[in-house]
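Enquirer: any chance you can model this:
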Amino acid sequence: MIPRDFIDTLLARVDIVDVIDRRVSLKKAGQNYQACCPFHSEKTPSFTVSPTKQFYHCFGCGAHGTALGFLMEYEHMSFPDAVAALAQDVGLAIPESAQEPERPRPPPALWDALEQAAQFYKQQLKQTPRAIEYLKQRGLTGAIAARYGIGYAPDDWSPLKQVFSDYTADALAASGLVVDGERGRRYDRFRDRIMFPIRNIKGQIIGFGGRVLDKGEPKYLNSPETPLFHKGSELYGLFEARAAIKAAGRAIVVEGYMDVVALAQHGVEFAVAALGTATTPIHVRTLLRHTDCLIYAFDGDNAGRKAAWRALENSLEALQDGKEISFLFLPEGEDPDSTIRAHGQAAFLHLLDTDTLPLSAFLVRELSSGLKLDSQEGRASLLKQAKPLLEKISAPLLGNLIQRQIADLAHVPANELTHMGVKPSLTRPAPSRPQRRPAPSRLRNLARMLLLNPQRVGEIEMDWLDANDPLFERLTELMTWLRDIGQSSLPSLAEAARGSTLESLVNELMTDLLDKDDSWDWHAEFDGAARQLRDDWRRRRQQELAARPLNSLNASERQELMDLARS
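Expert: I've put the predicted structure just below:
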């Protein structure tokens, strides 16, 4: 459970206009901003974003919400993931519950074991000339090795016995440091390898990558999946590269740990690597939260080209309009490490600036490669191969443009792709929502003003509410809820109501407030509404008492009738 006060603090620091404008181009329209809705196809903008209310609403399809709600719907994020993304944007340290909501917190022993092992490996590197010489031959200095915490695992079965007095401890196996073999024999997982600590975004060590010094298989050995380490969601070097990625305005994804470190050694510090697996959609979404420009740099061999295609396939469902993903293909036999060592930083940066291929161009090039597009059969093959990929694209605008290009190559109108079984990437079904605003009423006017300052709910007596008003029961529930929740901002209230019976009412009232500018004196309107409710109640009460026989009234009711008549 993410603490509500953390959500309140987060929403107070986030600007919804900035969050949405980075994904959907907004234009100023009076006091608000507008765009064509990203959740349904339209030609006239009906999507409205309020900077003062920190809320968005589409008057076409009914989509609405806060910055958190937008990320959840636009990027298909879970609530904890949306919280984590916004917190990262504004530099807030998120609670553990926000990062790992469904996993039990790993015991401290696992963190401690990995940290102690990392210190041991660093000490062993200093005492192993052979390992030091290997790193020198790869062009690394002691400073860069220290920055990344590089170490060495000795060539022995169980050197970690020097570190852990209880080599049989469960934490050693649970953290992936040792292996329990046959006949109960336990031994170190990493032996005679250069060790690369893998850190999470907070800088904590969650696992290791080990590279052989000489010939041997596997070339890279990674920690297994553990309660701390999930290779499909972590990136090597991201913790160290965060500031450089922000400064450079781009990030590079390379294949190996050594590529990351070698690039950093030569001043290109904004590189990361996947952890022994193909780049996943989670990796891409994580990186696109740090930058608008992502470049894959792969080895110039057949394996590198295959890796690039897998990266493209896994990137499609993480694409965002306004973000750029491109590919750098190095010459045959070269990788980022060898390229930058041979040609230097300036030449490598020049390649990034001039030789990258946009994802859309790479996709179309590979799909059409080897096909005879001057024949019906070739064009049919193109459409067949393109279909599953086009349907995965999550960026509506980019998806439409790529579909048009494929349609042109196949010599068919773009709108015929749908009839051929290709679903438009733009289709992002929106949940059923009310399209029309409910009719105004005195209770509705009161309700929307109470959202602006819940503390004033104590000034309204429940008896004043007209039981015949359609909003009576919902307002009664809302007032009880507001008394408990206390002072809160509009977006905080919207998030607090998420998943409750009041969610739809709060969202409706927030939408009502979108056309109210900062000059609106809602305090005066609240005072007038409260006074009107009280006066209406007095008239109803007076009519009720006057309609009864005088002898049926007790002393207090008679006094009340006299007071009401005088007022």
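Enquirer: hey, let's count contacts and neighbours off CA atoms from now on
Expert: Noted.
Enquirer: point out where the chain drops to low pLDDT.
Expert: Screening the chain residue by residue with the criterion pLDDT under 70, one finds the ranges 76, 95-107, 418-441, 487, 517-519, 522, 537, 542-545, 560, 563-567.
Enquirer: how is it divided into domains?
Expert: Domains of the chain are assigned by automatic domain parsing as 4-99, 108-222, 235-363, 442-566.
Enquirer: can I get those in a markdown table with distance to residue 393?
Expert: As requested, the domains of the chain are exported to a markdown table (distance: least, CA to CA, whole Å):
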| stretch | distance to residue 393 |
| --- | --- |
| domain 4-99 | 12 |
| domain 108-222 | 27 |
| domain 235-363 | 5 |
| domain 442-566 | 29 |
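Enquirer: mind giving me a markdown table with those domains and columns for mean neighbour count and distance to residue 383?
Expert: Compiled in a markdown table, these are given as follows (neighbours: other CA atoms under 10 Å; distance: least, CA to CA, whole Å):
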| stretch | mean neighbour count | distance to residue 383 |
| --- | --- | --- |
| domain 4-99 | 18 | 23 |
| domain 108-222 | 17 | 39 |
| domain 235-363 | 19 | 13 |
| domain 442-566 | 16 | 42 |
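Enquirer: nearest to residue 411, of those?
Expert: If you check each of the domains of the chain against residue 411 by CA to CA, domain 235-363 wins as the nearest, at 17.9 Å.
Enquirer: ends of that closest one, what's the gap?
Expert: 24 Å (CA to CA, to the nearest Å).
Enquirer: what's the answer for stretch 57-68, then?
Expert: Criterion CA to CA; first-to-last residue distance in stretch 57-68 is 13 Å.
Enquirer: residues contacting it, please?
Expert: For stretch 57-68, the surrounding residues in contact (CA atoms under 8 Å, 6 or more residues apart in numbering) are 11, 14-16, 19-20, 37, 39-40, 46-49, 54-56, 70, 79, 82-83, 86, 430, 433-435, 491, 494-495, 507, 511.
Enquirer: try it again with 6 Å
Expert: Contacts to stretch 57-68, defined as CA atoms under 6 Å, 6 or more residues apart in numbering, come from residues 16, 46, 47, 48, 55, 56, 82, 433, 435, 491.
Enquirer: residues contacting the third one?
Expert: Each residue near residue 47 by CA under 6 Å, 6+ apart is listed here: 34, 35, 36, 37, 57, 58.
Enquirer: of those, which belong to strands?
Expert: Secondary structure defined by DSSP state E assigns 34, 35, 57, 58 of the contacts of residue 47 to strands.
Enquirer: sorry, back to before: now, which of the contacts of residue 47 sits nearest residue 181?
Expert: residue 37 (57.8 Å).
Enquirer: excluding chain neighbours, give the residue nearest to the closest one in space.
Expert: Distance criterion CA to CA, 6 or more residues apart in numbering; nearest residue to residue 37, sequence neighbours excluded, is residue 47 at 4.9 Å.
Enquirer: now residue 475
Expert: Closest residue to residue 475 in three dimensions, ignoring its sequence neighbours and counting by CA to CA, 6+ apart: residue 447, at 6.7 Å.
Enquirer: contacts for whichever helix in the chain runs longest next, please.
Expert: Secondary structure assigned by DSSP state H gives helix 522-546 as the longest helix of the chain. The set of residues external to helix 522-546 that reach it, using CA under 6 Å, 6+ apart, is residue 464.
Enquirer: right, and the helix or strand after the helix or strand encompassing residue 146?
Expert: With secondary structure defined by DSSP states H and E, residue 146 is part of helix 142-147. Using DSSP H and E, the helix or strand that follows helix 142-147 in sequence is strand 151-153.
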